[in-house]
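S.K.: Have a look; sequence and predicted model below, questions after that.
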Amino acid sequence: MSVDINANSIMETKKESKNVEDITSIEELDFDKMDLYKGETPVDINDQCLQLCKDYLSGEWIQQTVDTITVRRITGGLMNQLYYCGINEPNLTSKVPQEVAIKLYGEKPIKTTDNKYDRLNDTIIDLMVSVNQLGPKIYALFEHGQIQHYYKHRQFKPVEQSNLKLVDEVFRKFARIHAMDVPIKRTHNMFMKEAEESFRYVFFDSDINIKETFEKYNCETLLTADLKFEFEWIKQIIAKVNSPIVFTHNDFRSSNLLITESMDKTDGPIVVCDFEFSSYGYRGIDFQSIILEWGRKQLDFSADGLPHDDSVLRPLIEIYVDECQRIHGKEFSANVVNSVDYIIYEIKVFTLIRLFFGAIISVKTDLQNNAFMKNKPMLFPEFMYKNYLILKKRLQDLNII
(Lines give C-alpha, C1' and ligand atoms only; values in the text may rest on other atoms or scores of the structure.)
Protein backbone atom coordinates (compact mmCIF):
# COMPACT_ATOMS: atom_id res chain seq x y z
CA MET A 1 0.00 0.00 0.00
CA SER A 2 1.17 3.58 -0.51
CA VAL A 3 0.34 6.21 2.07
CA ASP A 4 2.02 9.59 1.78
CA ILE A 5 2.25 12.01 4.68
CA ASN A 6 3.88 15.41 4.56
CA ALA A 7 5.48 17.32 7.39
CA ASN A 8 2.30 19.20 8.25
CA SER A 9 0.21 16.06 8.60
CA ILE A 10 2.86 14.53 10.83
CA MET A 11 2.64 17.52 13.16
CA GLU A 12 -1.14 17.48 13.15
CA THR A 13 -1.67 13.80 13.88
CA LYS A 14 1.53 13.08 15.84
CA LYS A 15 1.58 9.54 14.52
CA GLU A 16 4.23 7.08 15.56
CA SER A 17 6.30 5.53 12.77
CA LYS A 18 6.82 1.85 13.35
CA ASN A 19 8.30 -1.09 11.45
CA VAL A 20 5.77 -3.88 10.82
CA GLU A 21 8.24 -6.37 12.27
CA ASP A 22 7.91 -4.60 15.64
CA ILE A 23 4.15 -5.20 15.95
CA THR A 24 3.38 -7.46 18.92
CA SER A 25 -0.43 -7.33 19.24
CA ILE A 26 -3.56 -7.05 17.12
CA GLU A 27 -4.42 -3.79 18.88
CA GLU A 28 -1.23 -2.17 17.56
CA LEU A 29 -2.49 -2.48 13.98
CA ASP A 30 -4.13 0.93 14.15
CA PHE A 31 -3.34 3.13 11.15
CA ASP A 32 -5.06 6.08 12.82
CA LYS A 33 -2.31 6.09 15.45
CA MET A 34 0.78 5.06 13.50
CA ASP A 35 2.39 4.81 10.10
CA LEU A 36 3.87 1.43 9.35
CA TYR A 37 6.82 0.76 7.08
CA LYS A 38 8.60 -2.36 5.84
CA GLY A 39 12.30 -3.00 6.43
CA GLU A 40 15.15 -0.56 6.97
CA THR A 41 15.85 2.32 4.58
CA PRO A 42 19.06 1.61 2.58
CA VAL A 43 21.90 3.99 3.49
CA ASP A 44 22.47 4.78 -0.20
CA ILE A 45 18.80 5.31 -1.07
CA ASN A 46 19.42 8.86 -2.38
CA ASP A 47 22.02 7.57 -4.82
CA GLN A 48 19.78 4.66 -5.84
CA CYS A 49 16.78 6.88 -6.56
CA LEU A 50 18.84 9.46 -8.45
CA GLN A 51 20.46 6.83 -10.66
CA LEU A 52 17.09 5.25 -11.47
CA CYS A 53 15.69 8.64 -12.49
CA LYS A 54 18.75 9.36 -14.64
CA ASP A 55 18.52 5.95 -16.32
CA TYR A 56 14.78 5.89 -16.97
CA LEU A 57 13.57 9.51 -17.04
CA SER A 58 16.58 11.39 -18.43
CA GLY A 59 15.80 15.07 -19.16
CA GLU A 60 16.54 17.38 -16.23
CA TRP A 61 17.46 14.39 -14.07
CA ILE A 62 20.78 13.97 -15.92
CA GLN A 63 22.15 17.20 -14.42
CA GLN A 64 21.03 16.45 -10.84
CA THR A 65 23.17 15.39 -7.89
CA VAL A 66 22.13 14.03 -4.51
CA ASP A 67 22.39 17.62 -3.24
CA THR A 68 19.84 18.97 -5.75
CA ILE A 69 17.10 16.42 -5.14
CA THR A 70 14.91 15.43 -2.18
CA VAL A 71 14.33 11.79 -1.30
CA ARG A 72 12.08 10.73 1.56
CA ARG A 73 10.50 7.51 2.69
CA ILE A 74 6.75 7.24 2.15
CA THR A 75 5.32 5.25 5.02
CA GLY A 76 2.54 2.70 4.85
CA GLY A 77 4.19 0.08 2.64
CA LEU A 78 3.59 -3.29 4.27
CA MET A 79 5.27 -5.29 1.50
CA ASN A 80 7.26 -2.92 -0.73
CA GLN A 81 9.25 0.22 0.02
CA LEU A 82 8.06 3.51 -1.50
CA TYR A 83 10.08 6.71 -1.82
CA TYR A 84 9.37 10.25 -2.95
CA CYS A 85 12.05 11.65 -5.25
CA GLY A 86 11.84 15.24 -6.51
CA ILE A 87 14.04 17.93 -8.05
CA ASN A 88 14.52 20.83 -5.64
CA GLU A 89 14.31 23.46 -8.39
CA PRO A 90 11.91 21.88 -10.89
CA ASN A 91 11.43 22.98 -14.50
CA LEU A 92 7.68 23.51 -14.53
CA THR A 93 7.53 23.60 -18.34
CA SER A 94 9.34 20.30 -18.84
CA LYS A 95 7.54 17.23 -20.18
CA VAL A 96 9.74 15.08 -17.93
CA PRO A 97 8.22 14.49 -14.44
CA GLN A 98 10.05 16.55 -11.84
CA GLU A 99 8.85 14.47 -8.88
CA VAL A 100 8.05 10.77 -8.81
CA ALA A 101 7.32 7.86 -6.50
CA ILE A 102 9.83 5.03 -6.64
CA LYS A 103 8.62 1.61 -5.57
CA LEU A 104 11.19 -1.01 -4.59
CA TYR A 105 9.77 -4.52 -4.46
CA GLY A 106 9.79 -6.51 -1.24
CA GLU A 107 9.25 -10.21 -0.84
CA LYS A 108 5.68 -11.32 -1.37
CA PRO A 109 4.24 -13.36 1.52
CA ILE A 110 1.84 -14.94 -0.99
CA LYS A 111 2.72 -15.70 -4.60
CA THR A 112 -0.03 -15.03 -7.14
CA THR A 113 1.42 -17.51 -9.63
CA ASP A 114 4.52 -19.63 -10.23
CA ASN A 115 7.65 -17.88 -8.95
CA LYS A 116 9.24 -17.40 -12.39
CA TYR A 117 6.11 -15.61 -13.67
CA ASP A 118 5.05 -13.69 -10.57
CA ARG A 119 6.68 -10.33 -11.34
CA LEU A 120 5.94 -10.76 -15.07
CA ASN A 121 2.26 -10.91 -14.16
CA ASP A 122 2.69 -7.82 -11.98
CA THR A 123 4.23 -5.95 -14.91
CA ILE A 124 1.37 -6.88 -17.25
CA ILE A 125 -1.28 -5.96 -14.68
CA ASP A 126 0.32 -2.68 -13.60
CA LEU A 127 0.70 -1.52 -17.20
CA MET A 128 -2.94 -2.37 -17.97
CA VAL A 129 -4.37 -0.59 -14.92
CA SER A 130 -2.15 2.39 -15.71
CA VAL A 131 -3.37 2.59 -19.32
CA ASN A 132 -6.99 2.16 -18.17
CA GLN A 133 -6.52 4.99 -15.63
CA LEU A 134 -7.41 2.76 -12.72
CA GLY A 135 -3.99 2.51 -11.09
CA PRO A 136 -0.89 4.72 -10.79
CA LYS A 137 0.61 6.06 -13.99
CA ILE A 138 3.87 4.22 -14.67
CA TYR A 139 6.93 5.98 -16.08
CA ALA A 140 9.38 3.08 -15.87
CA LEU A 141 9.65 -0.58 -14.96
CA PHE A 142 12.88 -2.21 -13.84
CA GLU A 143 13.78 -5.59 -12.38
CA HIS A 144 13.28 -4.71 -8.72
CA GLY A 145 10.68 -1.96 -8.91
CA GLN A 146 8.87 0.87 -10.69
CA ILE A 147 8.92 4.61 -11.16
CA GLN A 148 5.38 5.97 -10.82
CA HIS A 149 3.61 9.29 -10.98
CA TYR A 150 3.70 11.02 -7.60
CA TYR A 151 0.20 11.89 -6.41
CA LYS A 152 -0.57 14.49 -3.81
CA HIS A 153 -3.38 12.72 -2.07
CA ARG A 154 -5.14 11.54 1.03
CA GLN A 155 -6.46 8.09 1.85
CA PHE A 156 -10.06 7.08 1.46
CA LYS A 157 -10.98 6.88 5.14
CA PRO A 158 -14.26 6.23 7.00
CA VAL A 159 -15.13 9.92 6.87
CA GLU A 160 -15.13 9.68 3.04
CA GLN A 161 -17.87 7.03 3.16
CA SER A 162 -20.45 9.79 3.52
CA ASN A 163 -19.19 11.52 0.37
CA LEU A 164 -21.57 10.16 -2.27
CA LYS A 165 -19.42 11.33 -5.18
CA LEU A 166 -16.34 9.51 -3.90
CA VAL A 167 -18.29 6.39 -2.95
CA ASP A 168 -19.79 6.26 -6.43
CA GLU A 169 -16.34 6.47 -7.99
CA VAL A 170 -14.93 3.74 -5.72
CA PHE A 171 -17.55 1.16 -6.64
CA ARG A 172 -17.59 2.06 -10.34
CA LYS A 173 -13.83 1.60 -10.50
CA PHE A 174 -14.25 -1.65 -8.60
CA ALA A 175 -16.62 -2.85 -11.34
CA ARG A 176 -14.19 -1.71 -14.04
CA ILE A 177 -11.37 -3.68 -12.43
CA HIS A 178 -13.53 -6.81 -12.38
CA ALA A 179 -14.38 -6.26 -16.05
CA MET A 180 -10.74 -6.10 -17.17
CA ASP A 181 -9.56 -8.67 -19.72
CA VAL A 182 -6.02 -9.39 -18.55
CA PRO A 183 -3.73 -11.82 -20.45
CA ILE A 184 -2.70 -13.91 -17.44
CA LYS A 185 -3.65 -17.38 -16.25
CA ARG A 186 -7.41 -17.53 -15.67
CA THR A 187 -7.69 -20.91 -13.99
CA HIS A 188 -5.68 -19.73 -11.02
CA ASN A 189 -7.39 -18.56 -7.85
CA MET A 190 -4.75 -17.16 -5.56
CA PHE A 191 -6.39 -17.62 -2.18
CA MET A 192 -7.79 -21.08 -2.89
CA LYS A 193 -4.43 -22.25 -4.25
CA GLU A 194 -2.50 -20.73 -1.37
CA ALA A 195 -4.90 -22.18 1.21
CA GLU A 196 -4.60 -25.68 -0.31
CA GLU A 197 -0.80 -25.45 -0.44
CA SER A 198 -0.69 -24.14 3.13
CA PHE A 199 -2.96 -26.95 4.30
CA ARG A 200 -0.77 -29.58 2.63
CA TYR A 201 2.35 -28.07 4.14
CA VAL A 202 0.97 -27.90 7.68
CA PHE A 203 -0.53 -31.39 7.77
CA PHE A 204 1.35 -33.49 5.21
CA ASP A 205 4.53 -32.02 3.72
CA SER A 206 6.40 -30.84 6.81
CA ASP A 207 7.71 -32.77 9.80
CA ILE A 208 6.33 -30.18 12.23
CA ASN A 209 4.07 -31.42 15.01
CA ILE A 210 1.33 -28.85 14.63
CA LYS A 211 -0.36 -29.78 17.91
CA GLU A 212 2.85 -29.17 19.84
CA THR A 213 3.26 -25.84 18.01
CA PHE A 214 -0.24 -24.72 18.97
CA GLU A 215 0.44 -25.75 22.58
CA LYS A 216 3.76 -23.88 22.59
CA TYR A 217 2.10 -20.61 21.58
CA ASN A 218 -1.06 -21.05 23.68
CA CYS A 219 -3.42 -21.31 20.69
CA GLU A 220 -6.45 -22.43 22.67
CA THR A 221 -8.92 -22.22 19.77
CA LEU A 222 -6.68 -23.84 17.14
CA LEU A 223 -5.83 -26.65 19.57
CA THR A 224 -9.47 -27.75 19.70
CA ALA A 225 -10.11 -27.22 15.97
CA ASP A 226 -10.74 -29.96 13.44
CA LEU A 227 -9.11 -28.04 10.60
CA LYS A 228 -9.34 -30.94 8.15
CA PHE A 229 -13.11 -31.11 8.60
CA GLU A 230 -13.47 -27.34 8.38
CA PHE A 231 -11.45 -27.18 5.16
CA GLU A 232 -13.64 -29.80 3.45
CA TRP A 233 -16.74 -27.97 4.67
CA ILE A 234 -15.42 -24.65 3.33
CA LYS A 235 -14.83 -26.18 -0.11
CA GLN A 236 -18.44 -27.37 -0.17
CA ILE A 237 -19.64 -23.87 0.74
CA ILE A 238 -17.54 -22.34 -2.06
CA ALA A 239 -19.06 -24.69 -4.60
CA LYS A 240 -22.57 -23.88 -3.34
CA VAL A 241 -22.12 -20.09 -3.57
CA ASN A 242 -20.97 -20.30 -7.21
CA SER A 243 -19.22 -16.93 -7.12
CA PRO A 244 -18.23 -15.72 -10.62
CA ILE A 245 -14.54 -15.78 -11.56
CA VAL A 246 -13.39 -12.25 -12.44
CA PHE A 247 -10.14 -10.31 -12.47
CA THR A 248 -9.70 -9.46 -8.79
CA HIS A 249 -7.59 -6.90 -6.95
CA ASN A 250 -7.49 -9.15 -3.84
CA ASP A 251 -6.64 -6.26 -1.51
CA PHE A 252 -9.29 -3.68 -2.41
CA ARG A 253 -9.45 -1.66 0.79
CA SER A 254 -9.35 1.99 1.83
CA SER A 255 -5.59 2.06 2.35
CA ASN A 256 -5.18 1.26 -1.36
CA LEU A 257 -7.58 4.00 -2.52
CA LEU A 258 -5.90 7.36 -3.05
CA ILE A 259 -7.99 10.52 -3.38
CA THR A 260 -5.76 12.68 -5.53
CA GLU A 261 -5.52 16.46 -5.34
CA SER A 262 -6.48 18.39 -8.48
CA MET A 263 -4.82 21.59 -9.70
CA ASP A 264 -7.27 23.76 -7.74
CA LYS A 265 -6.71 21.69 -4.55
CA THR A 266 -10.12 20.01 -4.78
CA ASP A 267 -10.65 16.26 -4.91
CA GLY A 268 -9.32 14.68 -8.09
CA PRO A 269 -9.89 11.15 -9.38
CA ILE A 270 -9.38 8.17 -7.11
CA VAL A 271 -6.34 6.05 -7.95
CA VAL A 272 -6.32 2.39 -6.91
CA CYS A 273 -2.86 1.16 -5.93
CA ASP A 274 -1.06 -2.07 -4.98
CA PHE A 275 -2.17 -4.68 -7.50
CA GLU A 276 0.58 -7.13 -6.40
CA PHE A 277 -1.95 -9.72 -5.24
CA SER A 278 -4.19 -9.41 -8.29
CA SER A 279 -5.27 -12.53 -10.17
CA TYR A 280 -8.37 -14.13 -11.56
CA GLY A 281 -10.47 -15.34 -8.67
CA TYR A 282 -13.80 -15.35 -6.86
CA ARG A 283 -15.72 -12.08 -6.99
CA GLY A 284 -16.86 -12.62 -3.38
CA ILE A 285 -13.30 -12.70 -2.05
CA ASP A 286 -12.64 -9.28 -3.53
CA PHE A 287 -15.87 -7.70 -2.31
CA GLN A 288 -15.49 -8.57 1.32
CA SER A 289 -12.19 -6.65 1.67
CA ILE A 290 -13.77 -3.22 1.19
CA ILE A 291 -17.12 -4.13 2.76
CA LEU A 292 -15.48 -5.49 5.91
CA GLU A 293 -14.22 -2.03 6.87
CA TRP A 294 -17.30 -0.09 5.78
CA GLY A 295 -18.37 2.01 8.75
CA ARG A 296 -15.24 0.95 10.61
CA LYS A 297 -11.65 2.14 10.80
CA GLN A 298 -8.97 0.55 8.64
CA LEU A 299 -8.19 -3.08 9.38
CA ASP A 300 -10.68 -3.31 12.23
CA PHE A 301 -10.31 -6.95 13.23
CA SER A 302 -13.54 -7.10 15.17
CA ALA A 303 -15.28 -10.46 15.45
CA ASP A 304 -18.50 -9.08 14.00
CA GLY A 305 -17.24 -8.99 10.44
CA LEU A 306 -20.46 -7.92 8.72
CA PRO A 307 -22.46 -4.69 8.54
CA HIS A 308 -25.40 -4.84 10.90
CA ASP A 309 -27.99 -4.24 8.22
CA ASP A 310 -28.27 -5.01 4.51
CA SER A 311 -29.21 -1.37 4.00
CA VAL A 312 -25.51 -0.58 4.46
CA LEU A 313 -24.57 -2.86 1.56
CA ARG A 314 -27.41 -2.28 -0.87
CA PRO A 315 -26.59 1.24 -2.17
CA LEU A 316 -22.94 0.25 -2.64
CA ILE A 317 -23.78 -2.89 -4.62
CA GLU A 318 -26.34 -0.99 -6.69
CA ILE A 319 -23.57 1.34 -7.91
CA TYR A 320 -21.41 -1.67 -8.79
CA VAL A 321 -24.23 -3.45 -10.64
CA ASP A 322 -25.15 -0.27 -12.54
CA GLU A 323 -21.57 0.11 -13.75
CA CYS A 324 -21.38 -3.58 -14.70
CA GLN A 325 -24.55 -3.12 -16.76
CA ARG A 326 -22.98 -0.14 -18.50
CA ILE A 327 -19.92 -2.27 -19.34
CA HIS A 328 -21.54 -5.63 -20.15
CA GLY A 329 -25.06 -4.63 -21.15
CA LYS A 330 -28.45 -5.51 -19.66
CA GLU A 331 -27.72 -9.24 -19.93
CA PHE A 332 -25.46 -8.83 -16.89
CA SER A 333 -28.45 -8.46 -14.55
CA ALA A 334 -30.38 -11.18 -16.33
CA ASN A 335 -28.18 -13.66 -14.48
CA VAL A 336 -29.45 -14.10 -10.92
CA VAL A 337 -25.90 -14.33 -9.50
CA ASN A 338 -25.40 -10.71 -10.55
CA SER A 339 -28.43 -9.39 -8.69
CA VAL A 340 -27.91 -7.06 -5.74
CA ASP A 341 -29.44 -9.56 -3.31
CA TYR A 342 -27.21 -12.39 -4.50
CA ILE A 343 -24.04 -10.30 -4.25
CA ILE A 344 -24.98 -9.33 -0.68
CA TYR A 345 -25.35 -13.03 0.16
CA GLU A 346 -22.06 -13.76 -1.59
CA ILE A 347 -20.20 -11.11 0.39
CA LYS A 348 -21.40 -12.48 3.73
CA VAL A 349 -20.34 -16.04 2.94
CA PHE A 350 -16.97 -15.03 1.51
CA THR A 351 -16.21 -12.96 4.58
CA LEU A 352 -16.31 -16.25 6.46
CA ILE A 353 -14.26 -18.03 3.80
CA ARG A 354 -11.60 -15.31 3.84
CA LEU A 355 -11.23 -15.64 7.62
CA PHE A 356 -10.66 -19.40 7.34
CA PHE A 357 -8.22 -19.04 4.44
CA GLY A 358 -6.40 -16.29 6.32
CA ALA A 359 -6.01 -18.49 9.39
CA ILE A 360 -4.65 -21.47 7.41
CA ILE A 361 -2.27 -19.37 5.31
CA SER A 362 -1.03 -17.53 8.42
CA VAL A 363 -0.23 -20.83 10.15
CA LYS A 364 2.06 -21.76 7.26
CA THR A 365 3.79 -18.37 7.06
CA ASP A 366 4.35 -18.38 10.83
CA LEU A 367 5.83 -21.88 10.70
CA GLN A 368 8.18 -20.75 7.94
CA ASN A 369 9.30 -17.76 10.03
CA ASN A 370 7.69 -15.36 7.57
CA ALA A 371 5.02 -14.13 9.97
CA PHE A 372 3.41 -10.71 9.62
CA MET A 373 3.95 -10.34 13.38
CA LYS A 374 7.41 -11.86 13.71
CA ASN A 375 7.54 -11.21 17.45
CA LYS A 376 4.27 -13.04 18.10
CA PRO A 377 4.11 -16.32 16.13
CA MET A 378 0.61 -17.86 15.80
CA LEU A 379 -1.09 -14.78 17.27
CA PHE A 380 -2.66 -13.80 13.95
CA PRO A 381 -3.90 -17.28 12.90
CA GLU A 382 -5.35 -17.89 16.38
CA PHE A 383 -7.17 -14.56 16.24
CA MET A 384 -8.51 -15.16 12.71
CA TYR A 385 -9.72 -18.67 13.45
CA LYS A 386 -11.48 -17.51 16.60
CA ASN A 387 -13.30 -14.88 14.55
CA TYR A 388 -14.10 -17.49 11.91
CA LEU A 389 -15.93 -19.63 14.48
CA ILE A 390 -17.86 -16.64 15.84
CA LEU A 391 -18.94 -15.53 12.37
CA LYS A 392 -19.79 -19.09 11.29
CA LYS A 393 -22.22 -19.44 14.18
CA ARG A 394 -23.78 -16.08 13.40
CA LEU A 395 -24.32 -16.98 9.74
CA GLN A 396 -25.80 -20.35 10.72
CA ASP A 397 -28.13 -18.69 13.22
CA LEU A 398 -29.30 -16.37 10.44
CA ASN A 399 -29.76 -19.35 8.07
CA ILE A 400 -27.34 -17.78 5.59
CA ILE A 401 -25.25 -20.95 5.43
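M.R.: Structure received.

S.K.: Isn't residue 388 up against residue 353?
M.R.: No. Taking contacts as CB atoms under 8 Å, residue 388 lies outside contact range of residue 353: 9.1 Å. Glycine gets a C-beta too; all of them are placed from N, C-alpha and C.

S.K.: What strand or helix carries the nearest residue to residue 42 once chain neighbours are set aside?
M.R.: Excluding its sequence neighbours, the residue lying closest to residue 42 (CB to CB, 6 or more residues apart in numbering) is residue 48, at 6.5 Å. Applying DSSP states H and E as the criterion places residue 48 in helix 45-56.

S.K.: now residue 390
M.R.: Using DSSP H and E, residue 390 falls in helix 379-397.

S.K.: Determine how far that helix lies from the middle of the whole chain.
M.R.: Offset of helix 379-397 from its chain centre (CA atoms, centre = their mean, to the nearest Å): 21 Å.

S.K.: Which of the three states applies to residue 84?
M.R.: strand (DSSP: H, G, I helix; E, B strand; the rest coil).

S.K.: dump the residue contacts of residue 168.
M.R.: Shown in contact with residue 168 (CB atoms under 8 Å, 6 or more residues apart in numbering): residue 319.

S.K.: Toward the C-terminus from the helix or strand hosting it, list the very next helix or strand.
M.R.: Per DSSP H and E: residue 168 is located in helix 164-178. Next helix or strand after helix 164-178 toward the C-terminus (DSSP H and E): helix 190-200.

S.K.: pLDDT averaged over the next helix or strand after that following helix - what is it?
M.R.: Downstream of helix 190-200, the first helix or strand assigned by DSSP H and E is helix 210-216. Per-residue pLDDT over helix 210-216 has a mean of 92.

S.K.: quick check: angle from the host helix or strand of residue 236 to helix 190-200?
M.R.: Per DSSP H and E: residue 236 is located in helix 227-241. Interaxial angle, helix 227-241 versus helix 190-200 (axes from the mean of the first three to the mean of the last three CA atoms, to 10 degrees): 160 degrees.

S.K.: Show me how far helix 227-241 is from its chain's centre.
M.R.: Mean C-alpha position of helix 227-241 versus that of the full chain (CA atoms, centre = their mean) differs by 24 Å.

S.K.: in it, what's buried?
M.R.: Across helix 227-241, burial judged by 16 or more other CB atoms under 10 Å covers 227, 230, 231, 234, 237, 238, 241.

S.K.: can you name the two of the residues you listed that are farthest apart?
M.R.: Distance extremes for these: the farthest pair is 227 and 241 at 20.7 Å, using CB to CB.

S.K.: quick one: residue 100 is in a strand?
M.R.: Yes. Under three-state DSSP, residue 100 sits within a strand.

S.K.: Which residue, other than its chain neighbours, is closest to the residue nearest the centre of the chain?
M.R.: Residue closest to the average C-alpha location in the chain (CA atoms, centre = their mean): residue 251, at 2.7 Å. In space, and not counting its chain neighbours, residue 251 is closest to residue 277: 5.0 Å by CB to CB, 6+ apart.

S.K.: Could you double-check that the one you found lies in contact with residue 190?
M.R.: Yes. Counting by CB under 8 Å, residue 277 does reach residue 190; the two are 6.5 Å apart.

S.K.: Contacts only, for the closest residue to residue 172 other than its chain neighbours.
M.R.: Nearest non-adjacent residue to residue 172, counting by CB to CB, 6+ apart: residue 323, 4.3 Å away. Neighbour list for residue 323: 171, 172, 175, 176 [criterion: CB under 8 Å, 6+ apart].

S.K.: host element of residue 323?
M.R.: Following DSSP H and E, one finds residue 323 within helix 310-328.

S.K.: got the angle between that helix and helix 164-178?
M.R.: Interaxial angle, helix 310-328 versus helix 164-178 (the same axes, to 10 degrees): 50 degrees.

S.K.: thinking again about what came up before, does anything pack onto the helix holding residue 48? Which helices or strands?
M.R.: strand 69-74, strand 81-87, strand 99-104, strand 138-142, strand 145-149 (3 or more CB pairs under 8 Å, 6 or more residues apart in numbering; DSSP states H and E).

S.K.: Flag every buried residue along that helix.
M.R.: The neighbour-count check on helix 45-56 (16+ other CB under 10 Å) flags 45, 46, 48, 49, 50, 52, 53, 56 as buried.

S.K.: now do stretch 157-169
M.R.: 157, 160, 161, 167, 169.

S.K.: quick one: the third one from residue 167, how far?
M.R.: Taking CB to CB, to the nearest Å as the measure, residue 161 falls 6 Å from residue 167.

S.K.: quick check: mean pLDDT across stretch 132-143?
M.R.: The average of the pLDDT scores along stretch 132-143 is 94.

S.K.: Also stretch 219-237?
M.R.: 94.

S.K.: can you list contacts of that stretch?
M.R.: The contact list for stretch 219-237, computed with CB under 8 Å, 6+ apart, reads 195, 199, 202-203, 211, 213-215, 349, 352-353, 356-357, 359-360, 363, 378, 381-382, 385-386, 389, 401.

S.K.: Could you pick out the buried ones from those?
M.R.: 195, 199, 202, 213-214, 349, 352-353, 356-357, 359-360, 363, 378, 381-382, 385-386, 389, 401.

S.K.: Contact partners for residue 183?
M.R.: When the contact criterion is CB under 8 Å, 6+ apart, the partners of residue 183 are residue 124.

S.K.: re earlier: now the buried residues of helix 45-56 as CSV including pLDDT and distance to residue 73?
M.R.: Shown next, in CSV, are those (pLDDT from 0 to 100; distance: CB to CB, whole Å):
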residue, pLDDT, distance to residue 73
45, 96, 8
46, 97, 11
48, 97, 12
49, 97, 11
50, 98, 15
52, 98, 15
53, 98, 16
56, 97, 20
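
S.K.: which intervals of the stretch 151-300 of the chain have sub-threshold pLDDT?
M.R.: For the stretch 151-300 of the chain, applying pLDDT under 70 flags the ranges 188, 297-300.
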